[in-house]
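Undergrad: sharing a sequence plus its predicted fold:
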Amino acid sequence: MGKVIYFNGKFVPEEKAVIPVTTHALHYGTGCYEGIRAYYNEEKKALYVFRLEDHFKRMENSVKIMHIKLPGSAKELSKIAIELLKRNFSGADVYFLNEVKKANSVYIRPLAFKSDPAIGNFNLAKVSDSFAMYCVPLGRHYAKEEGLKVNVSSWVRVSDKAIPPRGKITGSYANTCLAKTESAQSGFDEALLLDGNGNVVEGSAENFFMVKNGSLITPLTSADILAGVTRDSIIEIAKNELGIEVVERNIAREEIYGADEIFLCGTGSEIAGVVEIDGRAIGDGKVGQITGQVKKLYLEIIHGNNPKYFKWLSKVERNVKDRL
Ligand code: PMP
């Protein structure tokens, strides 16, 4: 972990960023978070943060659902994130730099949460808020280049009618954990979740795309999904750079077995080809060609190697003046 954490308005050493066991969010899942990633570019000796402000804009929507107030606008929180990276990545902390180089990227985790003592207080409007942000070197999530073997989960994705999945709400990740655990214990790499009507919605923490007859098909953002930043980026680059038609619509379970290609995407998993679902090969059982094209372009962009998409990157250079 980075040595410095932003906690309730201040940068503090890691050991000072602690919360009491009575904290509301710990008991009731009353928090919202983001997962942001910065890639290290050795040639340019810099970190590139991917779509930083867009993550905080999504967080603004999440916290509204939960009656949480953020300590600043998306722009202000982006500045704090950059400062956090500078304090951990720059200057004299060679240990962190080496870890980042090894991992190739840094994961940034802002967390806004209800912080009063928990007992008997379910009115969110009456519980005070805290905010923390830390960063940690992060390696490849799914290093499996040969593609993932996936199961359709017996757990149904949380519904907008229960806990809105478009808000990145900590409590709803119990749903993710149940699906992921079942999947791992059954020998699969990842879980695919259906909604209450049996439509395919998303992976445990990734959005879903399938290729059929040359088109990319993905569930609508009004489905029970998180509106992923990676999903949004893929739609833009598939249309504008690869000339691939993108269709957003409901997807029935039966359709996925006959798809030409399938991939999952997210900040953590990047773009992960799916080669098998429920013991059935997808396409020819290998990571597909369109998946490969999308992945190549996406990796180029996030690593700071595609000037057209610098608009999506915030650069943090290593500078010894940022020493603590
Ligand atoms: N769905 C869920 C449930 C997730 O947790 C994530 C990861 N944040 C995603 C989709 C992918 O979203 P993003 O591309 O913004 O990381």
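TA: Yes, it's here.
Undergrad: what is the neighbour count of Gly285?
TA: A count of nearby residues for Gly285, using other CB atoms under 10 Å, gives 11. Placement of C-beta: from N, CA and C, glycine included.
Undergrad: let's test this: mean pLDDT of the longest helix seen in the chain, rounded?
TA: Counting by DSSP state H, the longest helix found in the chain is helix 74-89. Helix 74-89 carries an average pLDDT of 93.
Undergrad: check stretch 195-204 too.
TA: Averaging pLDDT along stretch 195-204 yields 98.
Undergrad: which outside residues touch that stretch?
TA: By CB atoms under 8 Å, 6 or more residues apart in numbering, the list of residues contacting stretch 195-204 from outside reads 150, 152-153, 156-157, 159, 165, 176, 179-180, 183, 190-194, 208, 219, 223-226, 250-253, 255-256, 264, 266, 269.
Undergrad: rerun at 6 Å
TA: Residues outside stretch 195-204 that contact it (CB atoms under 6 Å, 6 or more residues apart in numbering): 156-157, 159, 176, 179-180, 190-194, 208, 219, 223-225, 250-251, 253, 256, 264.
Undergrad: who does Ser105 bridge with?
TA: Tyr39 (DSSP bridges).
Undergrad: ok, it to Ala17 distance?
TA: Counting by CB to CB, to the nearest Å, the gap from Ser105 to Ala17 is 22 Å.
Undergrad: who's more crowded, those two?
TA: Neighbour count, other CB under 10 Å: between Ser105 and Ala17, Ser105 has more, with 25 against 18.
Undergrad: pretty sure that one sits against Arg37.
TA: Yes. Between Ser105 and Arg37 a contact is recorded at 5.5 Å, counting by CB atoms under 6 Å.
Undergrad: tally of neighbours for the closest residue to the ligand within the stretch 1-150 of the chain?
TA: Of all residues in the stretch 1-150 of the chain, Gly35 sits closest to the ligand, with a separation of 4.7 Å (CB to the nearest ligand atom). Per other CB under 10 Å, the neighbour tally for Gly35 reads 16.
Undergrad: what do you get for Gly258?
TA: By the criterion of other CB under 10 Å, Gly258 has 11 neighbours.
Undergrad: leaving out sequence neighbours, find the closest residue to it.
TA: Lys212 (7.7 Å; CB to CB, 6 or more residues apart in numbering).
Undergrad: Ser186 too?
TA: In this structure, Ser186 finds its nearest non-sequential neighbour in Asn151, 6.0 Å apart by CB to CB, 6+ apart.
Undergrad: point out where this structure drops to low pLDDT.
TA: Within the chain, the ranges that satisfy pLDDT under 70 run 1-2, 90-96, 141-143, 319-324.
Undergrad: how does it divide into domains?
TA: The chain breaks down by automatic domain parsing into domains covering 4-139, 148-302.
Undergrad: looking at the ones you listed, spot the one closest to Ser314.
TA: domain 4-139 (4.3 Å; CB to CB).
Undergrad: centre of the chain to that closest one, how far?
TA: How far domain 4-139 lies from its chain's middle: 13 Å, per CA atoms, centre = their mean, to the nearest Å.
Undergrad: could you tell me the end-to-end distance of that domain?
TA: Criterion CA to CA, to the nearest Å; first-to-last residue distance in domain 4-139 is 20 Å.
Undergrad: list the buried residues of whichever helix or strand the residue nearest to Ser186 is part of.
TA: Element membership for Asn151, per DSSP states H and E: strand 148-156. Neighbour-count burial for strand 148-156, counted by 16 or more other CB atoms under 10 Å, picks out 148-153, 155-156.
Undergrad: before we move on, the earlier item: so what's the residue nearest to Gly258 bridging to?
TA: What pairs with Lys212, by the bridge criterion (DSSP bridges), is Ser215.
Undergrad: which element is the residue with the largest distance to the centre of the chain on?
TA: Here the centre of the chain is the reference, and by CA atoms, centre = their mean the most remote residue is Gly120, at 32.2 Å. Using DSSP H and E, Gly120 sits within no helix or strand.
Undergrad: my read: Ile235 touches Glu248, true?
TA: No. At 7.9 Å, Ile235 does not count as touching Glu248 under the criterion of CB under 6 Å.
Undergrad: which of those two has more neighbours?
TA: Using other CB under 10 Å, the more surrounded residue of Ile235 and Glu248 is Ile235, with 18 against 15.
Undergrad: OK, contacts around the residue nearest to the more buried one when sequence neighbours are not counted?
TA: In this structure, Ile235 finds its nearest non-sequential neighbour in Val246, 5.0 Å apart by CB to CB, 6+ apart. By CB under 6 Å, 6+ apart, the residues touching Val246 are 216, 235, 238-239.
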